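Asks: need a structure here:
(chains A, B, C and D)
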Number of protein chains: 4
Amino acid sequence: MSDPLHVKAKLRVIYGDTDQMGVVYYANYFRFFEFSRSEYFRAVGGNYTALEKDGYGLPVVSAHCDYRRPAKYEDLLIIDVHLSELRRASMRFEYIVTRESDGERLVTGYTVHACIGPNGKPTGLPESVVKLLRP
Amino acid sequence: MSDPLHVKAKLRVIYGDTDQMGVVYYANYFRFFEFSRSEYFRAVGGNYTALEKDGYGLPVVSAHCDYRRPAKYEDLLIIDVHLSELRRASMRFEYIVTRESDGERLVTGYTVHACIGPNGKPTGLPESVVKLLRP
Amino acid sequence: MSDPLHVKAKLRVIYGDTDQMGVVYYANYFRFFEFSRSEYFRAVGGNYTALEKDGYGLPVVSAHCDYRRPAKYEDLLIIDVHLSELRRASMRFEYIVTRESDGERLVTGYTVHACIGPNGKPTGLPESVVKLLRP
Amino acid sequence: MSDPLHVKAKLRVIYGDTDQMGVVYYANYFRFFEFSRSEYFRAVGGNYTALEKDGYGLPVVSAHCDYRRPAKYEDLLIIDVHLSELRRASMRFEYIVTRESDGERLVTGYTVHACIGPNGKPTGLPESVVKLLRP
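Replies: Just a heads-up that it's a prediction; the model follows:
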């Protein structure tokens, strides 16, 4: 996948994202990742809701995050997301979180997703999704 | 409803509950309320999952919280919950959150719930629920 | 306070905001309220971080929410926030959450805030804040 | 580290932990991990609050989770946590989440923590912590 599409989602850190260390709580970056995934699907002309209406799901099977520097309250974050792997029945997204004000790279991570069909079992990705993701 | 049942749910504050003021984030008390409601249903011999399997739901229509003193990381909290009102198609729970170590009253609040039937419309509470709640 | 400033904050519902009823979890609206408050302070030319640097805080002493209709995954929400009361040592914000696509009013609520000074005790609002909020 | 201490923390899934797939939202397992870490420190006779009072912190530098089967609302979860690595200035915890009712293994993961000293810089673990963790 040479030259993949990168989508950049923006998000302002709120009080509710922080913890008593005064920085974003580590679990919340996975929320941010999900936010950017949803923007990604929208950017390629799809949306996750339509997928679910057809009875499919893309549950996370693996999630990882490396924390370099902390994001703080009121920071405007840019979550850069791209699809780094697209297989018959799974896909992998990678994320880079930077702070807009100084471009500092704060956090990187990835998620791996399987495809679940209408019967609740693993299945190949529906053609409609593959078309969106591999144009 | 003289002498109503009070159920006391216990919960330890984690890092993820706090914000950068070093105290529990205000929205999280509503999570704690829900935790105690679930314990309440269990204490009266029911459970919410069974209710949902029959197609019913008890969505919150109103929620309120008064914050007196802040709870902190690692505090062991006692959430005292009781049913203060039981009507044909709604109910009201009240909550008192204290810290176990010193008995300090930290937060009080209430939630009002409607009953939604299998068709998604407001309906009277099913008999099975009324029996549990008004023994 | 005739003709108060209304600030409209926009927010897309993510998966992590929903619960198994398929709607936004009731506690999360208080997160949305906070998000809009932060936008409000920014809109009047202030920011909450500066206030905290001076040792002040505006903790929530009371929070309330009425739920009319549920917000769903991927809904774009508009949180309309305005200051409905400004006293010597407290203030009250009111919130109206609508869905952008159809203008449907989903949720309303309010929060009341006290002012805490550098010594951790209730105090009058600092002049700098009053100037921002009552121009 | 042969025969390390395993601490088992118990936790009931609430509505607020689930998402519209009807299962625990993927980011929330990292909250559960943190809950069990806090129980771990308590089990070895320490607590995280004391560490912070001395000006130290153990921020997460890396977090990972593999999702095998979903946890559901009202499931009672057992989070088995142990220290799998203890270095001069870092440590690694591993987690296994099972459902109590059937012993099913749902999720596994790990977190790696650095030690930050009173000056905010990486530092060796304080002697008091090492004593607790390597008895």
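Asks: does any part of the helix or strand bottoming out on mean pLDDT in chain A sit near chain C?
Replies: Scoring the helices and strands of chain A by mean pLDDT, DSSP states H and E places helix A:48-53 at the bottom, with a mean of 81. Yes. Shown here: helix A:48-53 in contact with chain C (C-beta under 8 Å from any C-beta of the partner chain) through A:48-49. Glycine gets a C-beta too; all of them are placed from N, C-alpha and C.
Asks: Pull out the buried positions in the following helix or strand past that helix.
Replies: Reading on from helix A:48-53 to the C-terminus, the next helix or strand found by DSSP states H and E is strand A:60-67. Residues of strand A:60-67 classed as buried by neighbour count (16 or more other C-beta atoms under 10 Å in any protein chain shown): A:60-67.
Asks: Please apply the same query to stretch A:79-88.
Replies: By neighbour count on 16+ other C-beta under 10 Å, the buried set for stretch A:79-88 is A:79-83.
Asks: follow-up on the earlier one: now find how far off-centre the least confident helix or strand of chain A is within its chain.
Replies: Chain-centre distance of helix A:48-53: 16 Å, with C-alpha atoms, centre = their mean, to the nearest Å.
Asks: and it, what other elements does it pack with?
Replies: Packing contacts for helix A:48-53, counted by 3 or more C-beta pairs under 8 Å, 6 or more residues apart in numbering or on different chains; DSSP states H and E, involve no helix or strand.
Asks: And the contacts of it?
Replies: Here helix A:48-53 makes contact (C-beta atoms under 8 Å, 6 or more residues apart in numbering or on different chains) with A:38, A:41, A:57-58, A:126, A:128-129, C:15, C:73-74.
Asks: coming back round to it: out of the buried residues of stretch A:79-88, which sit inside strands?
Replies: A:79-83 (DSSP state E).
Asks: Of those, just say which sits nearest to chain C.
Replies: A:Ile79 (11.8 Å; C-beta to the nearest C-beta).
Asks: On the strand side of things, show who the closest one bridges to.
Replies: Beta-bridge partners for A:Ile79, by DSSP bridges, are A:Ala9, A:Val97.
Asks: same thing with A:Arg105?
Replies: With DSSP bridges as the rule, A:Arg105 is bridged to A:Thr98.
Asks: And the closest residue to A:Phe32 other than its chain neighbours, how close does it get to A:Val7?
Replies: Nearest residue to A:Phe32, sequence neighbours excluded (C-beta to C-beta, 6 or more residues apart in numbering or on different chains): A:Ile79, at 5.4 Å. Counting by C-beta to C-beta, to the nearest Å, the separation of A:Ile79 from A:Val7 is 9 Å.
Asks: circling back to that earlier point, show me the contacts for the residue nearest to A:Phe32.
Replies: Counted by C-beta under 8 Å, 6+ apart, A:Ile79 has contacts A:8-11, A:32-33, A:35-36, A:95-97.
Asks: Return the distance of the longest helix along chain A from the chain's centre.
Replies: Ranked by residue count under DSSP state H, the longest helix found in chain A is helix A:28-43. On the basis of C-alpha atoms, centre = their mean, helix A:28-43 sits 4 Å off its chain's mean C-alpha point.
Asks: now swap in stretch A:91-99 and tell me
Replies: For stretch A:91-99, the distance to the chain centre is 6 Å (C-alpha atoms, centre = their mean).
Asks: Any chance you could list what contacts that stretch?
Replies: A:29, A:32-33, A:36-37, A:40, A:58, A:71, A:75-86, A:104-113, A:125, A:133.
Asks: just stretch A:127-135 next, same as before
Replies: A:41, A:44-46, A:51, A:54, A:56, A:83, A:86, A:91, A:115, A:125.
Asks: so which of the contacts of helix A:48-53 comes closest to chain B?
Replies: C:Tyr73 (16.4 Å).
Asks: what are the phi and psi angles of the closest one?
Replies: The phi/psi pair for C:Tyr73 (degrees, to the nearest 10) reads phi -50, psi 130.
Asks: what sits against it?
Replies: A:48-49, C:13-15, C:17-18, C:22, D:20 are the contacts of C:Tyr73 under C-beta under 8 Å, 6+ apart.
Asks: mind listing what's buried in the least confident helix or strand of chain A?
Replies: In helix A:48-53, counting by 16+ other C-beta under 10 Å, buried: A:48, A:51-52.
Asks: and which of these is nearest to chain C?
Replies: Closest approach to chain C among those (C-beta to the nearest C-beta): A:Tyr48, at 6.9 Å.
Asks: For chain D, see how far away the closest one is.
Replies: Look at A:Tyr48 and chain D: by C-beta to the nearest C-beta, to the nearest Å, they are 10 Å apart.
Asks: From D:Glu52, how far off is the residue lying farthest from the centre of chain A?
Replies: Computed with C-alpha atoms, centre = their mean, the residue of chain A farthest from its C-alpha average is A:Gln20, at 25.7 Å. Distance of A:Gln20 to D:Glu52, given as C-beta to C-beta: 8 Å.
Asks: A:Leu106 contacts A:Lys72, correct?
Replies: No. A:Leu106 sits out of contact with A:Lys72 when judged by C-beta atoms under 8 Å, with a separation of 9.7 Å.
Asks: neighbour-wise, which of the two wins?
Replies: Taking neighbours as other C-beta atoms under 10 Å in any protein chain shown, A:Leu106 and A:Lys72 compare with A:Leu106 leading, 21 against 17.
Asks: Contact residues of chain A facing chain C?
Replies: Residues of chain A lying near chain C (C-beta under 8 Å from any C-beta): A:12, A:14-16, A:30-31, A:34-35, A:38-39, A:47-49, A:73-74.
Asks: Just give me the neighbour total for A:Asn28.
Replies: Neighbour tally, A:Asn28, other C-beta under 10 Å: 21.
Asks: try A:Lys10
Replies: 12.
Asks: didn't it look like it was pressed against A:Asp75?
Replies: No. A:Lys10 is beyond contact range of A:Asp75, at 10.9 Å (criterion: C-beta under 8 Å).
Asks: Flag every residue of chain A that's near chain B.
Replies: A:15-16, A:18-23, A:25, A:27, A:73.
Asks: hmm, 10 Å instead?
Replies: For chain A, the contact set with chain B under C-beta under 10 Å from any C-beta of the partner chain comprises A:13-28, A:72-73.
Asks: Any of these buried? List them.
Replies: Buried among the residues of chain A next to chain B (16+ other C-beta under 10 Å): A:13-21, A:23-28, A:72-73.
Asks: Could you pick out which of the residues you listed are located in helices?
Replies: A:Asn28.
Asks: Please identify the buried residues of the longest helix of chain A?
Replies: A:28-41, A:43.
Asks: mind showing which ranges of chain A have poor pLDDT?
Replies: Applying pLDDT under 70 to chain A picks out residues A:1-2, A:135.
Asks: Report how many residues lie close to A:Gly45.
Replies: 9.
Asks: Equivalent analysis for the one 10 residues further on, please.
Replies: When neighbours are defined as other C-beta under 10 Å, A:Gly55 has 13 of them.
Asks: related to what we said a few turns ago, which of the contacts of stretch A:127-135 sit farthest apart?
Replies: A:Asp54 and A:Leu83 (19.9 Å; C-beta to C-beta).
Asks: follow-up on the earlier one: of the buried residues of helix A:28-43, closest to chain D?
Replies: Proximity of the buried residues of helix A:28-43 to chain D (C-beta to the nearest C-beta) peaks at A:Phe30, which lies at 3.6 Å.
Asks: and the nearest residue to that closest one once chain neighbours are set aside, what does it touch?
Replies: Distances taken as C-beta to C-beta, 6+ apart put D:Ala27 closest to A:Phe30, at 3.6 Å, once the chain neighbours are dropped. Listed by C-beta atoms under 10 Å, 6 or more residues apart in numbering or on different chains, the contact partners of D:Ala27 are A:25-34, A:60, A:63, A:65, B:16, C:15-16, D:17, D:19, D:65.
Asks: Mind doing that once more with 6 Å?
Replies: The contact partners of D:Ala27, taken as C-beta atoms under 6 Å, 6 or more residues apart in numbering or on different chains, are A:27, A:30-31, C:16.
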